[in-house]
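Q: For reference, the sequence and a predicted model appear below.
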Amino acid sequence: MLFAYAKESGLIEMNPVEANFVPKKKMTLEEASSEDTAKL
């Protein structure tokens, strides 16, 4: 929200939060049905 305001005000040209990418680990069916996942 702070970066959005700074972009609207003209203080910055690009919002660094929007350009961010967080990779996600893909789970297999075996991992999803394991006991460790059931605890979550």
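A: Noted; the coordinates are in hand.
Q: ok, now how distant is the residue most central in space within the chain from residue 34?
A: For the chain, residue 22 is the residue whose C-alpha lies nearest the centre (C-alpha atoms, centre = their mean; 4.8 Å). According to C-beta to C-beta, to the nearest Å, residue 22 and residue 34 sit 24 Å apart. From N, CA and C alone the C-beta is placed, and that goes for glycine too.
Q: so is residue 17 in a helix, a strand, or just coil?
A: Assigned with DSSP: H, G, I helix; E, B strand; the rest coil, residue 17 falls in the coil class.
Q: what residue ranges in the chain score low on pLDDT?
A: Under the criterion pLDDT under 70, the flagged ranges of the chain are 35-40.
Q: top helix in this structure by residue count?
A: As assigned by DSSP state H, the longest helix anywhere in the chain is helix 2-9.
Q: export it as PDB, just CAs?
A: Taking Å, rounded to 0.1, in the frame of the first residue of the first chain, the C-alpha atoms of helix 2-9 are listed here in PDB:
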ATOM      1  CA  LEU A   2       2.900   2.300   0.700                       C
ATOM      2  CA  PHE A   3       4.400   1.700  -2.700                       C
ATOM      3  CA  ALA A   4       1.000   2.200  -4.400                       C
ATOM      4  CA  TYR A   5       0.800   5.600  -2.800                       C
ATOM      5  CA  ALA A   6       4.300   6.500  -3.800                       C
ATOM      6  CA  LYS A   7       3.600   5.500  -7.400                       C
ATOM      7  CA  GLU A   8       0.400   7.600  -7.500                       C
ATOM      8  CA  SER A   9       2.300  10.500  -6.100                       C
END
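Q: and that helix, how far from the chain's centre?
A: Remark: helix 2-9 is offset 20 Å from the chain centroid, using C-alpha atoms, centre = their mean, to the nearest Å.
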